[in-house]
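Trainee: mind folding the following:
(2 chains)
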Amino acid sequence: MKNEPHAMSRSSGRFFSTVLDVLIPPQAGSVRWGDRVFHFLARGTALFVIFLAILLAGDLLRGSWEAIRHFGPRFLIGTTWDPVTGEFGTLPPAVGTLIKSVLSLIIAVPISMGSAIFIAFYIPKSLRAFISYPIELLAGIPSIIFGLWGLFIMVPMIRVLQVWLKANFGWFPLFAGPAVYGVGVLAGGVILAIMITPIITAISRDILLSVPRTQIEAMLALGATKWEAIWKVALPYARTGLIGAVILGLGRSIGETMAVTMVGGNNFDLPTSLFDPVHSMASLIANEFAEATYNLYVSSLIYVGLVLFCITFLISLLAQLLIWRLSKGRIAILE
Amino acid sequence: MKVKGFSILVAATVLLLSGTTAMAACPSKGVKELTGAGATFPYPLYSKMFDAYNKLCGVRVNYQSIGSGGGIRQLQQMTVDFGGTDGIMTEKQKQEAKGGEIMHIPAVAGAVAVVYNIPGVGKGQMKLTPDVLADIYLKKIKDWNDGRIKALNPGLKFPSQDIAVIHRSDGSGTTFIFTSYLSKVSQEWKDKVGFSTSVNWPGDVGGKGNEGVANSVKQIPGAIGYVELAYAEQNKIPYALLRNKAGKFMEPSLDSAAKAADVANLPDHMEVMVTDSENPEAYPITGFTWLLVYTNQTDAAKADSVAQLVWWMVHDGQKYAKSLGYAPLEGAAVKKAEKLVKSIKVGGKPVLN
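Mentor: So this is what the prediction gives:
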């Protein structure tokens, strides 16, 4: 027997509630009006987001269809980008994107984890907000500002570093490139590291703060030092969340456009050293889209966007699988 | 006496009317709003021109500097009244235009300066020839200490420094002018690279926008790059003297750029790159930016407004060019532009008479 809301007792109300009964079937334990409507709205918005993502992928596919038809999969390993002859390939920008992102993670993760551990465990509670505030401020700075700062302030400093590295360690293959440019893989990696550190720090700090105090205190009671308690209890407990924070940082660094455009060097050759200038996929699209003068050119740029979308999607998927495996199936998705 | 006075009055009125019809700056029967889109290179000048035109005639022109490619696409779809482009449209692009034939009307010219950063070599000192410049950009000449560069500049001392070749990472009309010049003077460049708003550069670093290139050249020792003249002057970066077709080493300036466009055999359709100009006083790397207009218009009022606007831009509007760093159209170029504007038609009849 259906429960009718007592407020609607007239026949029109009865009709209305019947229609809605069909649209929003009563859930077990939630036959009240408000609950059912809210359930419907919440489910609707969630589905809407998924729908948007599918629509985005579909649009990317549609826009790049001409390039896909023309080049096929050889676009993914092509190393030439020639708008004059119409020959396009996305391997150097893809490699550039991945290398800069990985480099940024290598630099940012130790710093972020260290900061998060420090804020969560070592400073007095009263100072916690005080220290956290500038970190969160950094996270909110627009990337074009980072780009400008990077180009005018950071790149000369990197240039000095690169020249020194080449002079003293030039035999190492990663330091064999043109040191004097300043812009390149290293500059791109460093600016990305600066940009993703606040995100990883903020999330990791929250995750570490949510480790139950009882666990840590139990370790300390058993005679562990503070460092042992953190290393052997807090971090493993928070492992999945920390990985999630790192993946978020990685996601941002892969998609970062303006800052990388200004300090990345924007060259089409495959990078062979840390000092080589190279495009990233996002900077390639941002640079060339406005003046893409013919359809295949535009379509190829959208194809690059599709590849970027797929890479980001794959990395997210792998991250979720990793978290799922690490938590031995207990934690389903990023918690 | 009365008849004579009356005839003088009639003659004066006729003269006045014919004069104003030929050079009327403000459309009497046209629309009050026009839209355009396209090239970014002339945008500062167009901005100023349209503002002045609005104050003069009350016609609002909305121009979106989305890039030459975007401007061409919008005009093909007939969503704007005129387009702006730094590069000449290809045959394929012309075929895709929905409204038929499109005219390229030159609006203003600009010079591209070759800037460099060589410790010990200052402004206006280094001389370059077209083949040396092309070989530098082809990465065939790799060091500033090269014999060919030294032969051109016997009085200068060059360090043994690798040449860092800077180019534009974004598509641009400046690149179009520069690469079409290199294609004209070097067969190898034409075969290997070609010319367009964006090309497959042999090296080394790409800067975003004229500002990006200027900044990279300033920062990297041993760098060479190309920027719009205004950027070179405002950033006080040294630029090179280039040998022009007549054999004279010219400095990039607004005058030498204007001279490049003032040559005898300009084609009527004005779809020409005036790089490597024959004028002995010309700077070799100069180019036009064009306004794109459909020859055969359908809306009489709009056609009238567009024609009047373009006429004003190539005449009175040119006075804003120099202060903003653009080379105004002179002499032959203006005559050709006038002819093109006069051939804008509605229903077979020219709009301006």
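Trainee: which bits of chain B sit near chain A?
Mentor: Residues of chain B lying near chain A by C-beta under 8 Å from any C-beta of the partner chain: B:40, B:66-70, B:72, B:87, B:90, B:92-93, B:162, B:164, B:169-172, B:193-201, B:203-208, B:212, B:215-216, B:219-222. Quick note: C-beta positions are derived from backbone N, CA and C, even for glycine.
Trainee: can I get stretch A:198-211 in PDB, CA atoms only?
Mentor: Extracted in PDB, the C-alpha atoms of stretch A:198-211 (Å, rounded to 0.1, in the frame of the first residue of the first chain):
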ATOM      1  CA  PRO A 198      50.400  22.600  -1.600                       C
ATOM      2  CA  ILE A 199      47.600  20.300  -2.800                       C
ATOM      3  CA  ILE A 200      49.400  17.100  -1.700                       C
ATOM      4  CA  THR A 201      50.500  18.700   1.600                       C
ATOM      5  CA  ALA A 202      47.000  19.900   2.500                       C
ATOM      6  CA  ILE A 203      45.300  16.600   1.700                       C
ATOM      7  CA  SER A 204      48.000  14.500   3.300                       C
ATOM      8  CA  ARG A 205      47.900  16.600   6.400                       C
ATOM      9  CA  ASP A 206      44.200  16.000   6.700                       C
ATOM     10  CA  ILE A 207      44.600  12.300   6.200                       C
ATOM     11  CA  LEU A 208      47.300  12.000   8.800                       C
ATOM     12  CA  LEU A 209      45.300  14.000  11.300                       C
ATOM     13  CA  SER A 210      42.500  11.500  10.900                       C
ATOM     14  CA  VAL A 211      44.700   8.600  12.000                       C
END
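Trainee: can you pull the phi/psi pair for residue B:127?
Mentor: Backbone geometry at residue B:127, expressed as degrees, to the nearest 10, gives phi -110, psi 140.
Trainee: that one and residue B:241 touch, don't they?
Mentor: Yes: if you go by C-beta atoms under 8 Å, residue B:127 and residue B:241 touch, sitting 4.9 Å apart.
Trainee: check contacts around residue 303.
Mentor: Went with chain A since none was named. A:64, A:67-68, A:71, A:75, A:88, A:90 (C-beta atoms under 8 Å, 6 or more residues apart in numbering or on different chains).
Trainee: that was the other one, I meant chain B.
Mentor: Contacts for residue B:303 (C-beta under 8 Å, 6+ apart) come out as B:297, B:344-346, B:351.
Trainee: quick check: chain neighbours aside, which residue is closest to it?
Mentor: Leaving aside its chain neighbours, residue B:303 sits nearest to residue B:297 (3.6 Å; criterion: C-beta to C-beta, 6 or more residues apart in numbering or on different chains).
Trainee: so what's the one you found bridging to?
Mentor: Beta bridges link residue B:297 to residue B:346, judged by DSSP bridges.
Trainee: how much space separates it from residue B:79?
Mentor: Here residue B:297 is placed at a distance of 15 Å from residue B:79 (C-beta to C-beta, to the nearest Å).
Trainee: who has more neighbours out of the two?
Mentor: Using other C-beta atoms under 10 Å in any protein chain shown as the criterion, residue B:297 and residue B:79 rank with residue B:297 on top: 21 against 11.
Trainee: pLDDT of stretch B:314-324, averaged?
Mentor: Computed over stretch B:314-324, the mean pLDDT rounds to 91.
Trainee: quick one: end-to-end distance for it.
Mentor: Start to finish, the residues bounding stretch B:314-324 are 16 Å apart (C-alpha to C-alpha, to the nearest Å).
Trainee: how close does the closest residue to chain A within the stretch 201-350 of chain B sit to residue B:324?
Mentor: With C-beta to the nearest C-beta, the shortest gap between the stretch 201-350 of chain B and chain A falls at residue B:206, namely 3.1 Å. Per C-beta to C-beta, residue B:206 is found 26 Å from residue B:324.
Trainee: for residue 283, which non-adjacent residue is closest in space?
Mentor: Here I'm looking at chain A. Per C-beta to C-beta, 6+ apart, closest to residue A:283 is residue A:261, 3.9 Å.
Trainee: that answer is for a different chain, and I need it for chain B
Mentor: residue B:256 (3.7 Å).
Trainee: contact partners for that neighbour?
Mentor: Residue B:256 is in contact with B:111, B:250, B:281-283, B:286, counting by C-beta under 8 Å, 6+ apart.
Trainee: could I get the contacting residues of residue B:60?
Mentor: By C-beta under 8 Å, 6+ apart, the contact set of residue B:60 is B:32-34, B:50, B:54.
Trainee: switch to 10 Å and redo it
Mentor: Residue B:60 makes contacts with B:31-35, B:50-51, B:53-54, as judged by C-beta atoms under 10 Å, 6 or more residues apart in numbering or on different chains.
Trainee: phi, psi for it please.
Mentor: Dihedral pair for residue B:60: phi -90, psi 130, per degrees, to the nearest 10.
Trainee: quick revisit: the more surrounded of residue B:206 and residue B:324?
Mentor: Taking other C-beta under 10 Å, residue B:206 and residue B:324 do not tie; residue B:206 has more neighbours (28 against 14).
Trainee: the more buried one contacts residue A:269, correct?
Mentor: No: the pair residue B:206 / residue A:269 is not scored as a contact, 11.3 Å apart, by C-beta atoms under 10 Å.
Trainee: what touches both of those two?
Mentor: With C-beta under 10 Å, 6+ apart as the test, residue B:206 and residue A:269 both reach A:277-279.
Trainee: so which of these also contact chain B?
Mentor: Contacts with chain B are made by A:277-279 out of these, judged by C-beta under 10 Å from any C-beta of the partner chain.
Trainee: spatially central residue for the chain, please.
Mentor: Going with chain A. Note on chain A: the residue nearest the mean C-alpha position is residue A:251, at 1.5 Å, using C-alpha atoms, centre = their mean.
Trainee: switch to chain B, that's the one I care about
Mentor: What sits nearest the mean C-alpha location of chain B, by C-alpha atoms, centre = their mean, is residue B:288, with 2.6 Å.
Trainee: residues contacting residue A:166?
Mentor: By C-beta under 10 Å, 6+ apart, the contact set of residue A:166 is A:172, A:175-180, A:273-275.
Trainee: check which helix or strand it maps to.
Mentor: Assigned by DSSP states H and E, residue A:166 belongs to helix A:155-169.
Trainee: for residue B:63, same thing?
Mentor: strand B:60-64.
Trainee: and the helix or strand that that strand is followed by, what does it pack onto?
Mentor: Sequence-wise, the next helix or strand downstream of strand B:60-64 (DSSP H and E) is helix B:68-76. Contact here means 3 or more C-beta pairs under 10 Å, 6 or more residues apart in numbering or on different chains; DSSP states H and E; on that basis helix B:68-76 packs against helix A:295-326, strand B:33-38, strand B:60-64, strand B:82-85, helix B:91-95, strand B:102-117, strand B:286-294.
Trainee: tell me the mean pLDDT over the second one?
Mentor: In other words, strand B:33-38. Averaging pLDDT along strand B:33-38 gives 93.
Trainee: cool, the third one as well?
Mentor: Strand B:60-64 carries an average pLDDT of 93.
Trainee: give the partner strands of that strand in its sheet and their orientations.
Mentor: Here, using DSSP bridges, strand B:60-64 pairs with strand B:33-38 (parallel).
Trainee: residues near residue B:72, how many?
Mentor: Neighbour count of residue B:72, defined by other C-beta under 10 Å: 28.
Trainee: now do residue B:302
Mentor: 19.
Trainee: my guess is it contacts residue B:80. True?
Mentor: No: with contacts defined as C-beta under 10 Å, residue B:302 does not count as touching residue B:80, sitting 11.1 Å away.
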